[in-house]
Structure formats: structure tokens, C-alpha cells
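Asker: Please work out how this folds:
(chains A and B)
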Amino acid sequence: MLVISCIKQVPDTTQVKIDPVTNTLVREGIPFIVNPYDTHALEEGLALKDRYGLRSVAISMGPPNTVATLKKACALGVDQAILLSDRAFGGADTLATSQVLASAIERLAQKEEVGIVFCGKQTIDGDTAQVGPGIATRLGFTQLTLVDRIEWLDLDKKRIRVRRKLEGRHEIVEAPLPVVITAVRELNRPRYPTVPMRLSAELTEVTVWDNQVLNLDVETVGLKGSATWVSKIFSPERDQGEIIGDGIKDPVGTAHLLLDKMLSKDLLAI
Amino acid sequence: MKALLVCEQREGKLLDTSYELVAFAERLGAEVSLVLVGKEAQAPQVAAKLYLADVDKYGEYSPELHKHIVVAAVLKENPDYIIFPHSSYGWDLAPRVAATLRVGQVSEVVNIVDGKLEVSLCNGKLRRTVSPKGARAVLTVQAGAFNYAGQQSGAPQVEAIEISQGSSALQFVGYEPAEKKEVDLGRAEIIVSAGRGVGKKENVAVIAELAKAFGGELGASRPVVDAGWVGHSHQVGTTGQTVSPKLYVACGISGAIQHLAGMKKSDFIVAINKDKEAPISEAADVMVVADVLQLAPVLAEKLRAA
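Answerer: Numbering: from 1, shown residues only, chains lettered A, B, ... in the order given. Coordinates of the predicted model:
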């Protein structure tokens, strides 16, 4: 049985900058990372491989340089890594992305039964949280969002029980396989690759499936297949608070000024 | 233009986000109708059509049933927008409805400018203007982004909605309470919060010391809690606790929208951050541009001496 982890390569948002003149995203020199939530999707796939002997597969849709991200997955121990890359897939929103991922999963399912598909709960560069549910709907798999614990997996009965993280409480639900699970951070602690694994990953071939393989209607993928379009990305203008002192050059003086300000506003008299 | 607002109740109480949806729809200039799986006693006090499905029959959350209820209301109202709160409820339900109706979805809307939707990305550093392509779209709205200023005194025209019970593969087992709280930030007069800018777990003690010097409680942003530096009960924000103390001191917090939504109603906000352009500056009354690890000990000492 297969356990599939969907991962996305994203720019490291802690390092994203805006060009102050053009007010657009500076893309040069920004390192790529695995979307942080997807690292938990990857880890849980590997954990189920270790525990139940499932075959673990990582898939990612993206430009050719996404191979680097999939090699990281290989270094962690996935059995197979597949890149879904084609010019026709570019500019996709979440609807069009889930179309491509679902089609790849279907293709895998023709050869081997798929039990669980893991996705991160959202991506940090798009934050739409729809790819997992989109895949579930297309494939008719049961959708389990915001999962923070797998209570048990019964491979004979083909059932799974999970805990979902809600506001101020948890929900326990059970579902028949196959399922799509979206992971929150509390699900697990991702492992790090060992040096030998990292070296052997360099030799691992990442399979590439383009649209000649998946053979999707080009009207349903990429920009054309998207139900939403982005007209601009910008840095929001802000009404800033009053800046007090110079805390870099003079922390002591600034602390004093801040204290005076708070006293004058009667904030400290409790 | 018409909007169907999917209201949310939890454990017998209507959530305020339901009114925020009304505020959002007003900004959109849409004619409003509502749908709620709950009881008539929880009905939002808004003068609009309300489709009410009985929670005893359809459960607090049963994905397939709730999806069919929303879709049934869509068929009656024929709205341009179907709008959910961006809570775990909307998170799970909205994409199901979007997929069933075969329409696009825009998640976590934080603003509307000239009828265009803005969503926040990269931890609030950037915004993206997104438009749905089709005639109809599903939206989820960020909690705290739209304030309802109107009087909650309208009376809804209630129409009961019934669906034939569909079968669901998902089996609800039960709820579990979240882990016990170490602190109750909701009662604190002063909160001093640590963000990712403090650098590492050991440095949280510096902020905790400052909180103590203020006679306040220690809060934290999500990354600090996720990293395991402090317990979840310290988390301020939409997935933690919404607070409104007299004084809120944000230390090394950049100010993701989820964090801002959880603390922007504080009476007075001080932000200490290296980056004066950080989104927190928008919420701050006073901003100190400094390395918080340098400033906090000095400030704590002065407070103790005062």
C-alpha cells in the first residue's frame, strides 16, 4: 500500500523582501525551502513506512528546479520521488494544482493501492489551504483536515482514526481508507537526513512526469485551469505608531523615554 | 450582488465572527442572507433571511450534512458569494462546498479595496489582490479583519431548512478538551509577548523577566509556541487567545495578521522590533526600534526601580 506525501517548494518567506522602488517581490537570491507544513506531511509518510511497511512516495508540482526539494525527500528516506513539471502547469491556482496532483495520484493508484495522501495544512506563500481538500474531492477520498495525531491505522479493516486540532478542543474521527490528511505542526517532529542518506540521495533519480505522461486537458491546468487570478502582489501601506528614541544606539535612553510615555498614559498604575 | 453568509456556532453559542461576515458583506456592498446549523435562540440579530438547520439533527459539525445544507441554501438564494469564517469550521467546509459547486475559492480575505479582495501572505509582509474568474465564488474571511459596528438588533426572517440525511464515510467519535492552561491571558491587565525575534528558547526568559517587572503575564506569538519555547496557553492570536489588555508589549513580533487579530483591541500597544517596517508597526501606538534582547533588561531594571 502507498502513502503519498505532497510537498511544495516555496521561497523562504522570512527572507522575502520588497523592492522599495517598484514595490514588487525581489526574487533573486531568495533561498527555496520545503513548505514548513509539508515537512510534517513528509515525516508522517515516513513514520507510516517505518511502522507499517507502507511504500512512501513524495510528489511535487513545480518548475524543474523543484528536483532539489524532492532530493531532500529522498535523503529522508522516501522510496520514490516524482516531479510533476510542465509549462502547461505553470501559473496554477489551488484548483488547477489539485487537478495535477490528483491525476498523478490516480496514475500511481493504477499500479498499487493508495491508502493515505498527506498534505501540509496550508502553504506559507499562498495560504489557501485548498489543495488537500481539492485532491480529496477529485479522487473521492475522505477529507481529514487539521490532523495533529493519528490515533491508529488498521490495515486489515482499512480504517483510520485521527485527532483534529480545532479551536480550544480536539475532535476524534474515524474514516475508511483511502483518505487525504492535512497536517498541522503538532503531528510530529520532522527527522533530519543523515550524511550517508544525503549522499545516496544525490544518486537517486527523481522521476519527472510532464503532461505527455499525465495527458490532462490543458484547459483544466495551469493558469487556464485556475478559478482565481492574482492581479498584483504588493507590500501593504501602514499607518505606523510613533517611533520613540533610537533603541539601537541608545537602549538606556530609549527605555527611559518609553517608561515616561507609559507613565504619562497612566498605563503602569495598576 | 448577493452574499450567503455561513454563520458558526460552537457549543451552543453563536460566534462573533458571524457578525464580522456581515461587516464584510457590507463592505462588499452585497445583499445578505444567512445560513446556520444551530438553534433559533442563537440566530444572528440581523435583519436578513436566515436559513436555519437544526443542530440536533445535523450535528455541530458533520461535513457531508453541513455541505448539503449550505448547498441547499445556495440553490434557494443563488448568491454571487458564499462566505465562511476562516476558522477550523470554514477551513474544512468551504473547500467542500467550492468543489461541489465547481467554483473557485479565495481564502483568508483580510481587506477589500474597490471591490477587490486582498489576502495576506508571507506572514503579513505581502498582500495579494485576488479575483475569482467565474460568476460565483467561495470566500473565507480572516477573523478580526472586519469589525461589525452596526446594532445587533435586527430580526432575521427564519426559514427552516431540511435535507435528506446523506451517508457519510466519516464517523464522529468525540471531542477532547485541549491541554490544560498554564495562564489565562484573557484576564491579564498587562501582557508582554515574545516573538521569533527573541532568537532562541533561552531568551524567552528575558521577556518573562520583563513581563514580571511590569506585573503582567507572558504572551507569545505562534512561531514561539510552535517551536516549543513556551506552552500553548501563552499564545496570542486567532489560533491562540484573543486578548485586549490595558497594555500590550510586543517583543520581537513581526505581526502576522493572525497575531494582530488577537491583540489589536488592546488599549495601548508598544512594539519593540529591529525592523521599523514590520507589520506590527501598524497596530502599535508606540514603536521602539531596537534589539529587544538589549532593551528588555534595561527596561525591566528601570521598572523595578520605578
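Asker: can we go C-alpha only for contacts and neighbour counts from here?
Answerer: OK.
Asker: Look at B:G262 and say how many residues are nearby.
Answerer: Counted with other Cα atoms under 10 Å in any protein chain shown, the neighbours of B:G262 add up to 22.
Asker: How about the secondary structure of it?
Answerer: What DSSP: H, G, I helix; E, B strand; the rest coil gives for B:G262 is helix.
Asker: Please report how far it lies from chain A.
Answerer: As judged by Cα to the nearest Cα, to the nearest Å, B:G262 and chain A stand 13 Å apart.
Asker: May I have the predicted confidence score for that residue?
Answerer: The score at B:G262 is 89. That number is its pLDDT.
Asker: can you pull the contacts of B:A72?
Answerer: Going by Cα atoms under 8 Å, 6 or more residues apart in numbering or on different chains, B:A72 touches B:I161, B:I163.
Asker: er, B:V70 I mean
Answerer: Taking Cα under 8 Å, 6+ apart as the test, what B:V70 contacts is B:V6, B:V35, B:V97.
Asker: Report the beta-bridge partner residues of the second one.
Answerer: It refers to B:V35. B:V6, B:Y51 (DSSP bridges).
Asker: Could you do A:I233 as well?
Answerer: B:R128.
Asker: pretty sure it is in contact with B:V130, am I right?
Answerer: No: A:I233 lies out of contact with B:V130 (Cα atoms under 8 Å); the separation is 9.1 Å.
Asker: what's the domain layout of chain B?
Answerer: For chain B, automatic domain parsing gives the domain ranges B:2-160, B:185-305.
Asker: okay, those domains, which one's buried deepest?
Answerer: Comparing the domains of chain B by mean neighbour count (mean count of other Cα atoms under 10 Å in any protein chain shown), domain B:185-305 comes out on top with a mean of 22.
Asker: Most remote residue from the middle of chain B, which is it?
Answerer: Distance to the chain centre peaks in chain B at B:A305, reaching 38.9 Å (criterion: Cα atoms, centre = their mean).
Asker: Check that one and give its pLDDT.
Answerer: Predicted confidence (pLDDT) for B:A305: 84.
Asker: Then B:G115?
Answerer: Looking at B:G115, its pLDDT stands at 82.
Asker: Please determine how far it is located from chain A.
Answerer: B:G115 sits 13 Å away from chain A, going by Cα to the nearest Cα.
Asker: Verify the stated contact: that residue with B:A30.
Answerer: No: with contact defined as Cα under 8 Å, B:G115 does not reach B:A30; the gap is 10.5 Å.
Asker: So which elements touch the lengthiest strand in chain B?
Answerer: Longest strand in chain B by number of residues (criterion: DSSP state E): strand B:104-113. Here strand B:104-113 touches strand A:228-234, helix B:88-101, strand B:116-121, strand B:126-132, strand B:137-141, going by 3 or more Cα pairs under 8 Å, 6 or more residues apart in numbering or on different chains; DSSP states H and E.
Asker: And the contacts of it?
Answerer: Here strand B:104-113 makes contact (Cα under 8 Å, 6+ apart) with A:95, A:127-129, A:226-228, B:27-28, B:86, B:94-95, B:98, B:117-120, B:130-134, B:136-142, B:145-146.
Asker: That strand pairs with which strands?
Answerer: Paired with strand B:104-113 in the same sheet, following DSSP bridges, are strand B:116-121 (antiparallel), strand B:137-141 (parallel).
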